[in-house]
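Engineer: A structural model of the following input is requested.
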Amino acid sequence: MLADSSQGGEKRAMTQPNDAVGNRQTGSSGAAWAAWFLGSLFYCYGYFHRVAPSVLTDDLMREFSASGAILGNLTAFYFYAYAGCQIPIGLMIDRFGPRRMLTAAALLCGAGSLLFGLAQGTGMAYLGRAFVGAGAGVAWLGTLQTAGLLFPARRFALLSGMTLMMGMIGAIGAQAPLAVLVEAVGWRASLVASGVASAALAALIWLTVRGAAARGAQHHVSGGLASLLSGLRQAAVRPQTWFCGIYGAGLGGPLLAFAGLWGVPYMMQAYGLDRPGAAFCTTLLLIGWAIGAPLSGWLSDRMGSRRVPMLVASSGGFATFALALYLPGLPLIAVQALLLVHGIFAGAMILAFVTAREHNDRSVAATVMALVNITVMGCAAGFQPLIGWLLDLGWDGRLVDGARVYSAGGFEIALLTLVIGCAAAVLAAVLLRETHCRQVDIRPEG
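Structural biologist: Next up is the predicted model:
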């Protein structure tokens with residue numbers, strides 16, 4: 001999410017020496033647009049799976065007799081695999097090219113969706129979810145690499161933003177529309193159909209992506225693994241890198257945990273909504289995120305400041321989330337408005353990636369982005385089972401059709417962790433040094 005923008009902030013710098021060659025060769029033909037569109041459609045698909053469990057909570061708990069902690073871990077396996085594969089994925093895209101990697105990843109996602117949809121126990125479900133996460137981890141980097149190879153450099157930022165918007169479309173599709181589909185055909189049939197669709201997408205990518213994007217890089221980073229480890233060390237020893245990571249995780253992690261799993265059951269319990277109605281509420285978060293990500297980047301550049309908009313956004317995100325969850329007596333429409341505004345504020349998580357890059361030498365930009373992304377996704381993964389564990393602690397033993405029912409009071413205690421996450425983003429923004437939207441003059445250490 002998103003991000004990742006999450007959701008909305010999953011970029012890695014694409015600086016292969018042969019990019020310019022690819023641009024001269026292919027320009028921006030119809031074939032190039034088709035290749036980019038299929039890659040972004042795969043990113044849309046990956047985001048769909050990222051937040052889909054939020055409308056499947058009752059079905060999964062009933063089917064697998066799962067506690068909240070087990071359900072949280074089941075969902076988090078996507079993030080574990082996604083975050084763990086980021087650095088190797090970047091190297092493999094350089095080596096094998098976007099076409100092979102996107103095709104293989106789409107097939108892996110399809111296999112994972114089928115496994116999850118057909119799972120008879122939690123073991124197979126965990127494996128399916130991990131397959132989907134690992135495959136989806138290729139989508140963002142592979143699509144941006146395709147854009148960098150097939151389009152002129154002046155269009156790269158536009159295509160990056162358009163790719164992020166496609167991700168948000170997938171996230172929105174996994175809320176109310178998926179809830180309607182599940183009500184009509186069931187959760188298993190929905191996921192099986194999703195797996196078949198991913199296999200078809202893999203075939204289209206293989207047949208469509210040609211030219212420079214079909215080849216691996218002609219040149220490789222000097223030093224190979226040793227160079228990568230050196231870059232990791234250079235980025236890791238700088239506190240500003242981690243302040244940026246905490247900022248992105250503090251805004252993006254809570255949003256992904258709420259929109260991706262626990263928001264729908266909470267809204268159903270606290271406001272008596274049906275599943276589609278509750279899913280609409282979490283969809284508002286994602287719509288806000290889609291608005292806030294490009295808006296915060298534009299405002300930051302316009303102001304010539306990173307720290308000020310990051311402070312404003314994190315403070316606003318903390319306030320709106322706390323009010324939406326804990327201000328008593330709010331009507332539903334006010335809560336929905338607060339969730340939408342919170343999503344807009346949370347879109348500023350993308351500034352964590354930009355600021356981290358500016359606080360480090362350009363030679364380690366991709367490594368820095370990967371570290372921030374791993375922090376964001378790891379935080380999102382951790383929140384989900386933590387909330388489930390806290391809900392289990394306060395569970396009063398009630399079951400409805402085999403699924404655990406948690407009280408609104410139990411949710412209020414468990415979801416406090418998300419508000420604390422937002423507070424951590426505020427603290428990180430306070431500790432960040434201003435870059436004034438320029439590269440800080442720092443030589444890489446070592």
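
Engineer: Tell me where the model's unsure across the protein.
Structural biologist: Across the chain, the ranges flagged by pLDDT under 70 are 1-28, 90-91, 94, 153-161, 211-232, 362-367, 369, 401-402, 441-446.

Engineer: now the helices for the stretch 1-150 of the chain?
Structural biologist: For the stretch 1-150 of the chain, the helices defined by DSSP state H, counting those that start in this stretch occupy 19-26, 30-51, 57-64, 68-84, 86-96, 98-118, 122-150.

Engineer: Of all those, which one comes closest to V182?
Structural biologist: Nearest to V182 among these is helix 57-64 (7.0 Å), distances taken as Cβ to Cβ. For every residue, glycine as well, the C-beta is placed using N, CA and C.

Engineer: and that closest one, C-alpha only, in PDB?
Structural biologist: Output of helix 57-64 as PDB, limited to C-alpha atoms (Å, rounded to 0.1, in the frame of the first residue of the first chain):
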ATOM      1  CA  THR A  57     -12.000 -12.400   8.300                       C
ATOM      2  CA  ASP A  58     -15.200 -14.200   9.300                       C
ATOM      3  CA  ASP A  59     -14.900 -16.800   6.500                       C
ATOM      4  CA  LEU A  60     -11.200 -17.600   7.300                       C
ATOM      5  CA  MET A  61     -11.800 -17.800  11.100                       C
ATOM      6  CA  ARG A  62     -14.700 -20.100  10.500                       C
ATOM      7  CA  GLU A  63     -13.000 -22.300   7.900                       C
ATOM      8  CA  PHE A  64      -9.800 -22.800   9.800                       C
END
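
Engineer: for stretch 59-73, how far is the first residue from the last?
Structural biologist: 16 Å (Cα to Cα, to the nearest Å).

Engineer: what's next to that stretch, contact-wise?
Structural biologist: Residues outside stretch 59-73 that contact it (Cβ atoms under 8 Å, 6 or more residues apart in numbering) are 53, 57, 74, 119, 121-122, 125-126, 182, 186-187, 261, 384-392, 395, 401-404, 406.

Engineer: So which residues of the stretch 151-300 of the chain form helices?
Structural biologist: Under DSSP H, counting those that start in this stretch, the stretch 151-300 of the chain gives helices at 156-173, 176-185, 187-208, 225-236, 239-257, 263-271, 275-303.

Engineer: could I get those as TSV with mean neighbour count?
Structural biologist: Shown next, in TSV, are the helices of the stretch 151-300 of the chain (neighbours: other Cβ atoms under 10 Å):
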stretch	mean neighbour count
helix 156-173	22
helix 176-185	17
helix 187-208	18
helix 225-236	17
helix 239-257	28
helix 263-271	23
helix 275-303	22
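
Engineer: Out of the ones you listed, which gets nearest to L108?
Structural biologist: Per Cβ to Cβ, nearest to L108 of the helices of the stretch 151-300 of the chain: helix 187-208, 8.7 Å.

Engineer: helices or strands next to the closest one in the packing?
Structural biologist: Under the contact definition 3 or more Cβ pairs under 8 Å, 6 or more residues apart in numbering; DSSP states H and E, helix 187-208 sits against helix 30-51, helix 57-64, helix 98-118, helix 176-185.

Engineer: and those as JSON lines, adding distance to M303?
Structural biologist: Converted to JSON lines, the helices and strands packed on helix 187-208 look like this (distance: least, Cβ to Cβ, whole Å):
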{"stretch": "helix 30-51", "distance to M303": "29"}
{"stretch": "helix 57-64", "distance to M303": "41"}
{"stretch": "helix 98-118", "distance to M303": "35"}
{"stretch": "helix 176-185", "distance to M303": "35"}
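
Engineer: For T417, find the nearest of the helices of the stretch 151-300 of the chain.
Structural biologist: helix 239-257 (8.0 Å).

Engineer: how far off helix 68-84 does the closest one point, in degrees?
Structural biologist: Per axes from the mean of the first three to the mean of the last three Cα atoms, to 10 degrees, the angle that helix 239-257 makes with helix 68-84 is 130 degrees.

Engineer: okay, the angle between helix 239-257 and helix 263-271?
Structural biologist: 60 degrees.

Engineer: Would you pull up how far helix 239-257 lies from the middle of the chain?
Structural biologist: Relative to the centre of its chain, helix 239-257 is centred 12 Å away, using Cα atoms, centre = their mean, to the nearest Å.

Engineer: for stretch 416-429, same thing?
Structural biologist: The chain centre lies 18 Å from the centre of stretch 416-429; the measure is Cα atoms, centre = their mean.

Engineer: Output it as PDB, restricted to C-alpha atoms.
Structural biologist: Output of stretch 416-429 as PDB, limited to C-alpha atoms (Å, rounded to 0.1, in the frame of the first residue of the first chain):
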ATOM      1  CA  LEU A 416      -4.600   1.500  20.300                       C
ATOM      2  CA  THR A 417      -1.300   0.000  18.900                       C
ATOM      3  CA  LEU A 418      -2.100   1.700  15.600                       C
ATOM      4  CA  VAL A 419      -2.500   5.100  17.200                       C
ATOM      5  CA  ILE A 420       0.900   4.500  19.000                       C
ATOM      6  CA  GLY A 421       2.400   3.800  15.600                       C
ATOM      7  CA  CYS A 422       1.100   7.100  14.300                       C
ATOM      8  CA  ALA A 423       2.600   8.800  17.400                       C
ATOM      9  CA  ALA A 424       6.000   7.200  16.500                       C
ATOM     10  CA  ALA A 425       5.800   8.900  13.100                       C
ATOM     11  CA  VAL A 426       5.400  12.300  14.700                       C
ATOM     12  CA  LEU A 427       8.400  11.600  16.900                       C
ATOM     13  CA  ALA A 428      10.400  10.500  13.900                       C
ATOM     14  CA  ALA A 429       9.500  13.700  12.000                       C
END
